[in-house]
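In: Pasting a predicted model and its sequence here:
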Amino acid sequence: MNSSWDKYRKDYQNYLKIEKSLSINSVDAYMRDFDKLSDFFSVNLIRNPVAVELKDLQKLVKWIAEMGISARSQARIISGIRNFYSYLIIEDEIIDDPTDLLELPRLGRKLPEVLTIEEIDALKGAVDLSKPEGHRNKAIIETLYSCGLRVSELVNLQLTNIYFEEGFMRVIGKGNKERLVPVNPQVEKEINWYTQHVRNHMEIKPGHEDFVFLNRRGKQLTRVMIFTIVKDLANEIQLNKTISPHTFRHSFATHLVEGGANLRAVQDMLGHESISTTEIYTHLNNDYLREAIISFHPRNNK
């Protein structure tokens with residue numbers, strides 16, 4: 001990589017870390033995309049990213065495809081390159097974005113697994129309340145579904161960020177971005193029962209006093225433990241679906257969209273940076289409607 005690309009790399013990396021406040025993993029991912037960009041154009045004697053044009057990027061995309069990289073990974077790399085050129089626009093390094101007309105590879109949309117309300121109730125009903133962790137696990141399932149939290153947001157949820165009287169909780173999402181999520185009476189009931197009858201009688205380790213959900217040793221739960229809880233409950237009811245904690249988040253969003261919720265409101269509650277990420281749930285909804293029409297419309301009955 002020549003010195004011009006080196007300079008842009010350093011400045012871009014600082015922008016991602018300091019101004020965008022991205023995690024180390026996210027920064028590393030963007031820098032890998034930048035390195036593919038710079039490596040390709042350094043070999044092709046383009047010594048400055050500002051000089052890159054659409055036709056040059058189209059050659060890059062062709063090169064990436066010929067490397068045998070999957071369509072989904074190609075799309076992610078192109079997204080990273082677009083992010084870099086958006087940065088150059090912000091920094092007034094360029095006026096026109098050469099990635100604007102850059103086409104992404106066609107992707108088969110993989111729709112996430114979604115639970116029905118009956119399946120969610122069955123999972124909650126399978127919790128063994130005779131065990132000390134039973135009411136905790138029941139509260140976890142209800143919070144995942146009713147608040148649409150990521151698993152990392154759930155394990156980091158703190159008591160001082162829950163405001164039951166006002167009816168919301170403050171959630172710290174990706175990139176340390178905060179959002180407010182409404183809390184329904186069912187979530188309040190389950191968390192209050194767990195905190196009052198179980199958590200308040202535990203010996204909590206120093207530094208873990210504010211975390212809502214704790215293990216038997218009085219420490220913050222791990223992501224792996226949440227996955228285990230969900231998997232065990234799915235096995236208990238012999239659920240014929242492959243699910244994870246994230247499935248409750250998908251179900252939360254899908255049920256809102258099916259119920260007629262505004263997509264922007266769903267975006268805010270999920271903490272999606274882009275509305276396009278939230279739009280997958282409109283596709284889920286359309287598939288649901290299509291299946292209903294095929295199954296029940298008289299023109300489709302023999």
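Out: In hand now; what should we look at? On a predicted model such as this, the values are computed, not experimentally measured, just so you know.
In: Let me see the ranges of the strands in the stretch 151-300 of the chain.
Out: In order along the chain, the stretch 151-300 of the chain carries the following strands (DSSP state E, counting those that start in this stretch): 162-163, 168-172, 178-182.
In: I'd assumed residue 152 was in contact with residue 23.
Out: No: the pair residue 23 / residue 152 is not scored as a contact, 10.3 Å apart, by Cβ atoms under 8 Å. For glycine as for every other residue, the C-beta is placed from the backbone atoms N, C-alpha and C.
In: for the protein, what are the low-confidence residue spans?
Out: Applying pLDDT under 70 to the predicted model, the residue ranges of the chain that meet it are 1-3, 106-112, 272-302.
In: tell me the centre residue of it?
Out: For the chain, residue 150 is the residue whose C-alpha lies nearest the centre (Cα atoms, centre = their mean; 6.4 Å).
In: Now that residue: closest residue in space, sequence neighbours ignored.
Out: Ranked by Cβ to Cβ, 6 or more residues apart in numbering and with sequence neighbours excluded, the top spatial neighbour of residue 150 is residue 249, at 6.4 Å.
In: same check, this time on residue 53
Out: Nearest-residue entry for residue 53: residue 98, 5.4 Å, with adjacent residues in sequence omitted and distances by Cβ to Cβ, 6+ apart.
In: cool, and residue 188?
Out: Using Cβ to Cβ, 6+ apart and skipping residues adjacent in sequence, the residue nearest residue 188 is residue 164, 4.9 Å away.
In: Distance-wise, check the one you found relative to residue 246.
Out: In this structure, residue 164 lies at 25 Å from residue 246, with Cβ to Cβ, to the nearest Å as the measure.
In: Now render the strands of the stretch 151-300 of the chain as a markdown table, adding mean neighbour count and distance to residue 36.
Out: Formatted as a markdown table, those follow (neighbours: other Cβ atoms under 10 Å; distance: least, Cβ to Cβ, whole Å):
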| stretch | mean neighbour count | distance to residue 36 |
| --- | --- | --- |
| strand 162-163 | 16 | 43 |
| strand 168-172 | 19 | 32 |
| strand 178-182 | 16 | 33 |
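In: Quick one: these as a markdown table, columns for distance to residue 55 too.
Out: Formatted as a markdown table, the entries for those read as follows, by distance: least, Cβ to Cβ, whole Å:
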| stretch | distance to residue 55 |
| --- | --- |
| strand 162-163 | 54 |
| strand 168-172 | 43 |
| strand 178-182 | 41 |
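In: which stretch among those comes nearest residue 207?
Out: Each of those was checked against residue 207 via Cβ to Cβ, and the shortest separation belongs to strand 168-172, namely 16.8 Å.
In: rewinding a little: kindly confirm my reading that the residue nearest to residue 53 is in a helix.
Out: No: under the criterion used here (DSSP: H, G, I helix; E, B strand; the rest coil), residue 98 is coil, not part of a helix.
In: Return the distance of it relative to residue 250.
Out: Taking Cβ to Cβ as the criterion, residue 98 is separated from residue 250 by 35 Å.
In: cool, residue 244 as well?
Out: Going from residue 244 to residue 250 by Cβ to Cβ gives 10 Å.
In: repeat for residue 223
Out: Separation of residue 223 from residue 250 (Cβ to Cβ): 17 Å.
In: Which one's more surrounded, those two?
Out: residue 250 (21 against 14; other Cβ atoms under 10 Å).
In: Show me how far the one helix or strand residue 42 maps to is from its chain's centre.
Out: Applying DSSP states H and E as the criterion places residue 42 in helix 24-43. Taking the mean C-alpha point of helix 24-43 and that of its whole chain, the gap between them comes to 23 Å (Cα atoms, centre = their mean, to the nearest Å).
In: Could you tell me how far residue 209 is located from residue 199?
Out: The gap separating residue 209 from residue 199 is 10 Å, by Cβ to Cβ.
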